[in-house]
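Student: Using only what follows, build the 3D model:
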Amino acid sequence: MRGMKTISAVLVLGLLALSAFAALPVSAQPKKGPALDRIIVETRATGEVAVGDVATGKLDLYEKSLSPTVYAGIPEDWKQNLKLIKNAGGCWELTLNPVHDEDKPYIVTVMGKEYFNPFAIRKIRFAMNYLINRKYLVDEILLGGGQPMFSAVFPSNPASKYFTDIYEKYGLTPEGNEELALQMVEEAMQKAASELGGRLEKRKDPNAPAGFWWYFDGEPVTVKAYIRIEDERHEQGLYFANQLEKTGIKVERIEGNFLKCIYTVYLANPADYEWNIYTAGWGSTGSSVFVEGDIAWYYAPWYGWMPAYEMPGWWEWQNETIDQLTMDLLLGNFNSRDEYFDKMRKACEIGLQESIRVFTVETWDYFPVNKQRVTRIAYDPVTGLWSKWPLITADTPDHVLRIAVESQQAAMYTSVFNPIGGFDDVYSHAVGRACYDEADQMNPMTGEPIPYRVRWVDMEKKYHMENGERVGDLEVPLQAVIYDPVANEWKRVEEGTKAVVRVTIDYLFSKYHDGTMGSMDDVRYAIAHAYEWSSLDEEGDPYYSEEYASSVAPVLELIKGFVFVDEDTIMVYGDYLHLASDNATFDFYVFGFAYPWHVWEAMDWIIVHGGPVSGNTYDWYKVEGKEYLDMISPAHTEDLVAAVAEMRNRGHVPDCLKDTVTVVKARARYTAAELFAKKYGHFFISDGPFFLKEYNTQVPYMILEAFRDETYPFGPDYWYNKFTLIREKIDKIEAPATAQAGNDITVKIYVTEVEEFPEEKQVPSEKAYVYVTLESPEGKKVFEGVASLVSPGVFQVEIPGSATAGQPEGSYTIRASAAVSETAAYAEISTQEIILTAPPVTETPTPTPTATPSPTPTATPSPTPSPTPTATPSPTPKPTNWALIGGAIVIIIIIAVVVLFVMRRK
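Tutor: You can find the predicted model right below:
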């Protein structure tokens, strides 16, 4: 759970006799809130237009990272005005639709007509991993702006080294293996044809790429590929379509923008069979050292954004094994480092085998920023401007920041603003989070959670092991309570209840944008709301969301009780424990207060009772026949305003607050929200450093105004003094161009320490952690080691002759990564080729020949069949640390896995 806090530090001055102090100087209160006074948010249809506008001063920055191809052709004088901030937190993958009738493994029936779906066959889906030449995508389409990616684990993730042997097991390489892919598809199609009794057949066609097409019931087997047009995924999609047609399967190329593709692929029933392939792209909004979040997000039906989006009644691919493994990982159900890695590797391998998502590349893009105007901008070294830090730290000479998001349609965003089912695209998330504060943030240097609107006071752990499971030994006090969503009341925990962990958390409350003061009531409500909407009290319970419950209910099951200590302190008892990180354990137990309870109650009201003005029915999520609740929609705001007016007139107090909130206090809150919404035309009321002052749906544009209330806990300089952002940059690798197998090789790496925030400066590095590998032409690791500092900025490692002795000749790769520490959240990487030659052959005298009997003929071995993925687990890795820095390609910033809940669609 995630939350937010605020310090209540208002100094109320009494009325003093003005005449007595009129001549005395007055010292102003320190300014609260961000350095900027205003952010103006506009839209641009293309990155090319946006880059020109940033370079010429019409925009200060573009809230989208762009590939190197966009910058390649811009004028030199434009380049002089730009600071390019890297984003290594994106990836491409091909989402495949595996739908089939329940009783027919290959067939999909739509309106009485049967279709053959080749992607219902796992072997064909898996074969796509070989059909794709990822090196071609990186070199020719991205012009070097990325690296090959084989699974949900980002290759620039420090933990990626623990998964590379899985790829080696299946023979996955950047170049792919087209011949093997065609063989596997042929075998799978022939098997299906034999089972379908002649309905599936080949028909020769000299014009077909394969010389034939597959036909089903007399019609060509055709799949629909939805290909995004806004970026280079367009070229990737066309390339893949051409590759797929080499198997004899026709491809209908449907080229569309975000809105067209998303509504067809994710917000429609896969059983409608409107699509087979989607060129998906993802962006991270923060970095994390923990890899389990990515694996669950991309592969697990219970957790991630899979086709069908867990809509009741829609067909959805299921895999109970991967669900259980990822649930264990996210809920801390592991008792050792080996078990942790073993479950992650098993889940990753199953995801690869199933290939509902076929990963192709990790992308390296760049955000354009006008360096003549924008100063002191903090950003995530992995994800760049997608994190919260840029908009709350940046400044300009006039304290106004003009930015743009990408939009090719009338709507400014493709996602709505609502705290449960909204903020689902990177643009609404990036802009929206400038207006609300989470309880904690990811530290951009370490990739671990840090307190933001909370203080982590202390933690106690006490448990023993029983049959391989943790059993809590902490007594949960009798004054602890838990919310009962059926009885709609707080209840004392049962006597004898025990827990594994107890955390104590202080909240930093402040005023919300409507002027109401945050309090523990907002936390109480947030906790009760989670229980209410994840509990099916009875059939047809209107306060229940199956989709919400699927991810929240398992979390709540691990919580044993709450003790509300005082007006800003809470103790939480539970059984969740992250063995590797106390910060991650604290983060799990934090419930937020980003939105005041009366705003939540208004949203609940129109979802349960319908819109008082419009009569519309609402939902937290995109549901057929209902309005997708949007706090900034004028029409939805009208219903929300009517709801708070009705609750005020009724003297309504939520059940969970009946012991702490009076009718008078409740009415005051409802009135404050109503006045705010009528003044600003929306219901997006939160507690962040900016508030939404103006939103024009016609132009469209937004104006975010700084929230200067004196109760806000942070001033403009707070984050400048809080942390320093440093990265290690590899300037060059010095090694011989050739070396003889069996001889030692000396490698020097020249590294510069670069400070990015709060000031910009560079010095020769003396503290970098430099990790070096030597890889064979097939990508197998021949040597690994840590380079030592020999002089400021120079690190050296010796590759011993024993590492290369017996290795075949060829072009090998020296790969060096440099990070601020061994367990940092990111690293920069550089590679250099070295030719390994065979040692000279020593001639020996030729012996006198003797008669030898002729050999006995032996049977020629049959060809090795194509590999079919199996569920056999790989050996458990034996890492020396939780997050050693892994390999990558070309100089990049390594992403340290996307933190849970931060992935967003692009």
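
Student: immediately after the helix or strand of the chain with the lowest mean pLDDT, which helix or strand?
Tutor: Counting by mean pLDDT, DSSP states H and E, the chain has its least confident helix or strand at helix 18-21, which shows a mean of 29. For helix 18-21, the succeeding helix or strand toward the C-terminus, using DSSP states H and E, is strand 38-44.

Student: now for that following strand, which elements pack on it?
Tutor: If contacts are counted by 3 or more C-beta pairs under 8 Å, 6 or more residues apart in numbering; DSSP states H and E, strand 38-44 sits against strand 400-406, strand 701-706. Glycine gets a C-beta too; all of them are placed from N, C-alpha and C.

Student: Show me the contact partners of that strand.
Tutor: Applying C-beta atoms under 8 Å, 6 or more residues apart in numbering, the external contacts of strand 38-44 come out as 50, 53, 59, 62-63, 391, 399-407, 412, 431, 434, 690, 700-706.

Student: In ChimeraX, how would I select the buried members of the residues you listed?
Tutor: This is how ChimeraX selects the buried members of these, with burial counted by 16 or more other C-beta atoms under 10 Å:
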select :50,53,59,62,63,391,401,402,403,404,405,406,407,412,431,434,690,700,701,702,703,704,705,706
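
Student: element containing Trp275, please.
Tutor: Using DSSP H and E, no helix or strand contains Trp275.

Student: Identify the residues contacting it.
Tutor: Listed by C-beta under 8 Å, 6+ apart, the contact set of Trp275 reads Asn97, Lys224, Ala225, Tyr226, Ile254, Thr264, Val265.

Student: and it, backbone torsions?
Tutor: Backbone geometry at Trp275, expressed as degrees, to the nearest 10, gives phi -150, psi 160.

Student: Does Leu94 touch Thr279 like I think?
Tutor: Yes. Applying C-beta atoms under 8 Å as the test, Leu94 and Thr279 come out as touching, 6.4 Å apart.

Student: Looking at these two, which one has more neighbours?
Tutor: The neighbour comparison of Leu94 against Thr279 (other C-beta atoms under 10 Å) goes to Thr279, with 27 against 24.

Student: Surely that one is in a strand?
Tutor: Yes. Counting by DSSP: H, G, I helix; E, B strand; the rest coil, one finds Thr279 located in a strand.

Student: for it, what are its contacts?
Tutor: With C-beta under 8 Å, 6+ apart, Thr279 has these contacts: Trp92, Leu94, Ala225, Tyr226, Ile227, Arg228, Arg233, His234, Gln236, Gly237, Phe240.

Student: Please tell me the pLDDT value assigned to it.
Tutor: You'll see Thr279 listed with a pLDDT of 97.

Student: same check, this time on Tyr720
Tutor: What the model reports for Tyr720 is a pLDDT of 89.

Student: and it, how many residues sit next to it?
Tutor: 17.

Student: For Gly144, give its distance to Tyr106.
Tutor: The spacing between Gly144 and Tyr106, counted by C-beta to C-beta, to the nearest Å, is 40 Å.

Student: Next: Ala487.
Tutor: To Tyr106, Ala487 is 50 Å away according to C-beta to C-beta.

Student: next one: Tyr595
Tutor: Using C-beta to C-beta, one gets 48 Å for the distance from Tyr595 to Tyr106.

Student: related to what we said a few turns ago, Gly144 and Tyr106: which is more packed in?
Tutor: In terms of neighbours (other C-beta under 10 Å), Tyr106 is the more surrounded of Gly144 and Tyr106; the figures are 24 against 14.

Student: and that one, what pLDDT?
Tutor: Note for Tyr106: predicted pLDDT of 92.

Student: Tell me which residues touch it, please.
Tutor: His100, Phe116, Asn117, Pro118, Ala120, Ile121, Ala192, Glu195, Leu196, Leu200 are the contacts of Tyr106 under C-beta under 8 Å, 6+ apart.

Student: give the contact list for the third one.
Tutor: When you say that, I think you mean Asn117. For Asn117, counting by C-beta under 8 Å, 6+ apart, the contacting residues are Asn97, Pro98, Val99, His100, Tyr106, Ile107, Val108, Val223, Tyr273, Asn276.

Student: Buried residues in stretch 614-628, which are they?
Tutor: Going by neighbour count (16+ other C-beta under 10 Å), the buried part of stretch 614-628 is Tyr618, Asp619, Trp620, Tyr621, Lys622, Val623, Glu627, Tyr628.

Student: Which one of the residues you listed is nearest to Glu460?
Tutor: Among those, Trp620 lies closest to Glu460 (C-beta to C-beta), at 35.5 Å.

Student: and Ile165, how many neighbours?
Tutor: One correction, residue 165 is Asp, not Ile. Neighbour tally, Asp165, other C-beta under 10 Å: 14.

Student: rewinding a little: among the buried residues of stretch 614-628, which are in strands?
Tutor: Judged by DSSP state E, the buried residues of stretch 614-628 include Tyr618, Asp619, Glu627, Tyr628 as members of strands.

Student: so where do the helices sit in the stretch 151-300 of the chain?
Tutor: Here the stretch 151-300 of the chain has its helices, by DSSP state H, counting those that start in this stretch, at 164-169, 178-195, 233-245, 258-265, 292-299.

Student: can you list the domains in this structure?
Tutor: In terms of domains, the chain is parsed into 89-363, 454-588, 609-683, 725-823 (source: automatic domain parsing).

Student: ends of the longest one, how far apart?
Tutor: Same thing as domain 89-363. End-to-end distance of domain 89-363 (C-alpha to C-alpha, to the nearest Å): 7 Å.

Student: which parts of stretch 802-818 are buried?
Tutor: The neighbour-count check on stretch 802-818 (16+ other C-beta under 10 Å) flags Ala803, Thr804, Gln807, Tyr812, Thr813, Ile814, Arg815, Ala816, Ser817, Ala818 as buried.

Student: next one: stretch 671-687
Tutor: For stretch 671-687, using 16+ other C-beta under 10 Å, the buried residues are 671-674, 676-677, 680-687.
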